[in-house]
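> Sequence and computational prediction follow.
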Amino acid sequence: MTTNQIRASDAEREEVARVVQAAGAEGRLTLAETEERLAGVYAAQFRHELGQFTADLPAVPVRPGRPYWPGRARGPLAVHAAIVVVLATVLITRWLVSGVPFFWPVFPLFWLTVSLVLHARIRGWRPGGSLEARP
């Protein structure tokens, strides 16, 4: 073993595997080529061995993580909000069809709204799109 052979870390293997998987997903590699390269990536022991698996592939741009926002991603808060909207629609429709003069859905709608507001506060969502920094 020469001094320039540095062992590859799991994080380095995962990064190369991500590039290979992205190339397979884009159609740059066949399924067989992707599997063959991934097997080689995970079998590689040294850093210099990893370069051969991505030498003929373009680099995958790193996309920074976006903060959680209900309109952009279907996270737990967005699902909760969708359920509240559906239940509110059902309750109001039942009230309209029933012909009852008193607006009885106000009580369940109140508690649905409270649950959604509490969920949003726990998740750190603020009106205006800002997020609370979490420790």
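Arrived safely.
> Please name every helix or strand in contact with the longest helix seen in the chain.
Assignment by DSSP state H gives helix 76-98 as the longest helix of the chain. Counting by 3 or more C-beta pairs under 8 Å, 6 or more residues apart in numbering; DSSP states H and E, the packing neighbours recorded for helix 76-98 are helix 106-123. For the C-beta atoms, the positions are set from N, CA and C on the backbone; glycine is no exception.
> could you give the angle of the helix it packs on to helix 76-98?
170 degrees (axes from the mean of the first three to the mean of the last three C-alpha atoms, to 10 degrees).
> residues making contact with stretch 88-95?
103, 104, 105, 108, 109, 112 (C-beta atoms under 8 Å, 6 or more residues apart in numbering).
> Am I right that the first one is in a strand?
Pointing back at residue 103 there. No - assigned with DSSP: H, G, I helix; E, B strand; the rest coil, residue 103 falls outside any strand and is coil.
> No more questions from me, cheers.
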